[in-house]
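Compute the structure for the input listed below.
(2 chains)
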Amino acid sequence: GAGVSQTPSNKVTEKGKYVELRCDPISGHTALYWYRQSLGQGPEFLIYFQGTGAADDSGLPNDRFFAVRPEGSVSTLKIQRTERGDSAVYLCASSLGTSGGNTQYFGPGTRLTVL
Amino acid sequence: DAKTTQPPSMDCAEGRAANLPCNHSTISGNEYVYWYRQIHSQGPQYIIHGLKNNETNEMASLIITEDRKSSTLILPHATLRDTAVYYCIVGGGFKTIFGAGTRLFVKA
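Numbers count the residues shown, from 1 in each chain, chains lettered A, B, ... in the order given. Sure, this is the predicted structure:
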C-alpha cells in the first residue's frame, strides 16, 4: 500500500517568508509526527498528533512554527518569518496510534532551504 | 536527551554479520527498544522492535539482555546496501527521541 508522502520534496524560500509543508500519512494511522533533521544529526522531534489534536508539541522551537491536522489525516507544518537556521529536512511519520509497540513509518522528507 | 548510547561508527565486511550495540541503562519496564535505519537522503526505515524477548524478522535479529540495559541489532549477512545510519531508540509512548546513531559502513 501507499506509504507516507510529503510535498514538496524540496522548498527554497527567502528569509522572512512563510512556508507550508504537507504530510499525507498512511491510511488508517491515527498518530502523525513531525521531525526536523539537520545535516549529520538524528531527527529532532517537533510535534505529534493523535487524531486531530496536537498531543505533544513540546518540540516546536518557537511560536513561528505551527502544525495542524484538521480532519485527522493530512497535516500541514507552517513556518512563519523563516530564518536561515530553519533550513533542514522536515520529516513526517505516522503510526497506528496504539501505545507500546508503536512503529512509525516515515516519509521521504521535505528539504527546506532558507536563503 | 536521547536515552541510548551507540558507537558513532562501525565497519563490517560484506557477507559477514554486523552486530550493532546499544546501551539503554535507564530503560523503564514498559519501554520498548526500537531500531530504525536511515540510508542517505531517505527517511528513517523501521527495522525491528522488542520489549523483553529476542526478536527476529526478515531484516534482522534483536538481542536484548536479561536486565534490558543493552541490546544488539544483528544483520546476519551484511550487504553494501546496508550501509546506513542505525538508530536505537527506547520508548513506549509517542514522543520519540533520536540520538546520533551508528554509521555502519559495509565494505566489499
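
Partner strands of the helix or strand bottoming out on mean pLDDT in chain A, with direction?
None of the helices or strands of chain A scores lower by mean pLDDT, DSSP states H and E than strand A:53-56, at a mean of 88. If you go by DSSP bridges, strand A:53-56 pairs up with strand A:44-50 (antiparallel).

that older thread, what's downstream of the least confident helix or strand of chain A, the next helix or strand?
Counting by DSSP states H and E, the next helix or strand C-terminal to strand A:53-56 is strand A:65-68.

quick one: that next one near chain B?
No - against chain B, strand A:65-68 shows no contacts by Cβ under 8 Å from any Cβ of the partner chain, the least distance being 14.4 Å. Any C-beta I mention is one placed from the backbone N, CA and C, and that applies to glycine too.

Contacts for that strand next, please.
A:34, A:46-47, A:49, A:54, A:57, A:60, A:75-80 (Cβ atoms under 8 Å, 6 or more residues apart in numbering or on different chains).

close to chain B, is the following helix or strand past it?
Next helix or strand after strand A:65-68 toward the C-terminus (DSSP H and E): strand A:75-79. No - residues of strand A:75-79 are not located near chain B by Cβ under 8 Å from any Cβ, the shortest gap being 14.3 Å.

so how far is strand A:75-79 from its chain's centroid?
Its chain's C-alpha centre and that of strand A:75-79 lie 7 Å apart, by Cα atoms, centre = their mean, to the nearest Å.
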